[in-house]
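Undergrad: Fold the following.
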Amino acid sequence: MVEYQGEVMTWQNCADQADLAVAWLLRRGIQAGDRIGLMAYNHPATVVLLLACARIGAILVPCNPEFEAREAKYIFEHAGVRGVICSPEPLSKVQEATQHMPTAPWQVVIEDDQAGGESSLLKQWMSCKPDTSTRAGLADSTCMIIYTSGTTGFPKGVMHSQRSYLLTAEAFVHRMYLQPDERLMCVLPLFHINALMYSLGGAMACGGTLILIRRFSASTFWQQAAATRASEVNVIMSAAAILARRPEQEYDATHCIRKMFLAPLNQDLLDTFHQRFHVPVLIECYGMTEIPGVLSNPFMGPHKLGSMGCISPHPDPTIARPEVRIMGDDGHELPVGEVGELAVRTPTLMQGYFKDPEQTAASFKDGWFLTGDLARRDDGDFLFFFTRKKDIIRRRGENISGAEIDSAIGSHPDILECASIGVASELGEEEILLAVVPRTGTAITPEMVQAYARLHLSPTKWPRYIVMVDNLPHTGSMKIAKFRLKPADNLRRLATDFSSKELQS
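TA: Below you'll find the model as predicted:
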């Protein structure tokens, strides 16, 4: 069942609502292959729409409701949506984003009636006669297009079939040992693959309960967990780190959470959630929008802290197991311990990038999907992340991981977040520039950051330039968009240059 703000819908209720939504979509002229935009905070309507679109063979295109009109416009235009369903808050941005499209899509608000316009989506559904016969969607029909974060450029539309959705959902049941009485609290947004495929899909596949939280709130997280009797929750590291730093009085020890799915995980967070928050099982994992549900630390162990995990198969042994390789630049598989690009073959693989056959083709080599992530494999077949291939800084003949620098220096208690990038060096290759966002109320200086770097990093990884900034650019899923920091000429002018001190080291 689905629980939302005190209201309960059984899975049968969801199916009955989908019959109404199918009729409503058909009345709107929606056919197989048509795209429907969704720009909404978490709401049961998303669950119903996903089921209804699958029945028709239509495609759901979720979009971050926090996007500005410019960002939403790119997605809606690229996807060619026929209509957009949204929460009340982003309606004006939806209208601005779609007003100049060649064929302007209709817009309907989920919860509240539009002033002087149409009634809400839920009211419109109730005016329809249920359609129980339409079954145009097939296993290999595209059911959703999820746009990537766009950390290296424009977002790409990742297409997933009904088959890959269900296989991913069923595999998540195995990954987290979900039971029919499981209560999964969904705090991540339903425009993200984690919430859509793991939380929602996992709840449906195990026959459990999905507890929808409209928006993540760190201050009320533990109270919500206790009040809803949630047993499992998925979070990202940034949310977990925020929870770890919240005031102790916000913690409610009566919560029932026994399983948490998150990545990446460090010793400090592991200790905090085990010892302070009393969550017994934390599962570290790895996935991408293109290849959900491939790697995970096994639920029953062993658990290797800091690892991406190992192959996470579907519980049905007749379903092909995912395969992974660590590839060198020449395309050959590298031996244990060596760093190379992670390549994957999996039955949950995307169908491709929407309207982008060139990028789709470029993402494969000999049938293997190239993740763009550099990793290594140990002798126990666990994978360990090194960095993004495009997050390598080439300095003095060495390949340096920007992610490693960010993680090491970002652990300083007075730093909210930071980002390292390569900038041109007068000696050739690159120097390291680090942009730092201080925590509110702190007085950290570039000199203090440099001193911290010298304690936690080898000399070749010390940033030459350190600049304090008010904020950093982010993608829709709150990853730092490093490509937007380049060119970095202005940042370099504002930065403290530690070159002379470094040369004396």
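
Undergrad: right, and Pro264 touches Gly309 too?
TA: No: with contact defined as C-beta atoms under 8 Å, Pro264 does not reach Gly309; the gap is 10.8 Å. C-beta coordinates here come from the backbone N, C-alpha and C atoms, glycine included.

Undergrad: list residues touching both of the two?
TA: Glu284 (C-beta atoms under 8 Å, 6 or more residues apart in numbering).

Undergrad: Which one's more surrounded, those two?
TA: Using other C-beta atoms under 10 Å, the more surrounded residue of Pro264 and Gly309 is Gly309, with 23 against 18.

Undergrad: Now do Ala443, the pLDDT please.
TA: Note on Ala443: pLDDT of 91.

Undergrad: Let me know the secondary structure of it.
TA: coil (DSSP: H, G, I helix; E, B strand; the rest coil).

Undergrad: and it, what does it touch?
TA: So Ala443 contacts Asp414 (C-beta under 8 Å, 6+ apart).

Undergrad: quick one: pLDDT of Thr475?
TA: Reported pLDDT for Thr475: 69.

Undergrad: number of nearby residues for Asp140?
TA: Asp140 has 11 neighbouring residues, counting by other C-beta under 10 Å.

Undergrad: Distance check, it against Phe364.
TA: 18 Å (C-beta to C-beta, to the nearest Å).

Undergrad: again with Glu3
TA: If you go by C-beta to C-beta, the gap between Glu3 and Phe364 works out to 41 Å.

Undergrad: ok, now Ala139?
TA: 22 Å.

Undergrad: Neighbour count: Glu3 and Phe364, which is higher?
TA: Glu3 (19 against 14).

Undergrad: which other helices and strands contact the helix or strand hosting the more buried one?
TA: Element membership for Glu3 (DSSP states H and E) is strand 2-4. Packing contacts for strand 2-4, counted by 3 or more C-beta pairs under 8 Å, 6 or more residues apart in numbering; DSSP states H and E, involve strand 7-9, helix 44-56, strand 209-212.

Undergrad: ok, and what's touching it?
TA: Against strand 2-4 from outside (C-beta under 8 Å, 6+ apart): 8-9, 11, 14, 42-44, 47, 203, 209-212, 214, 228.

Undergrad: for Phe498, what are its contacts?
TA: Pro446, Gln450, Trp462, Pro463, Arg464, Tyr465, Ile466.

Undergrad: Who are the contact partners of the residue lying closest to Cys86 once chain neighbours are set aside?
TA: Among residues not flanking Cys86 along the chain, Met39 sits closest, at 4.3 Å (C-beta to C-beta, 6 or more residues apart in numbering). The neighbourhood of Met39, defined by C-beta under 8 Å, 6+ apart, consists of 62-65, 67, 72, 84-87, 90, 93-94.

Undergrad: could I get those residues as CSV with neighbour count, pLDDT and secondary structure?
TA: Formatted as CSV, these follow (neighbours: other C-beta atoms under 10 Å; pLDDT from 0 to 100; DSSP: H, G, I helix; E, B strand; the rest coil):
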residue, neighbour count, pLDDT, secondary structure
Pro62, 26, 96, strand
Cys63, 28, 92, coil
Asn64, 22, 89, coil
Pro65, 23, 91, coil
Phe67, 19, 85, coil
Ala72, 25, 90, helix
Val84, 26, 96, strand
Ile85, 23, 95, strand
Cys86, 25, 94, strand
Ser87, 21, 94, coil
Pro90, 24, 93, coil
Lys93, 21, 93, helix
Val94, 27, 94, helix
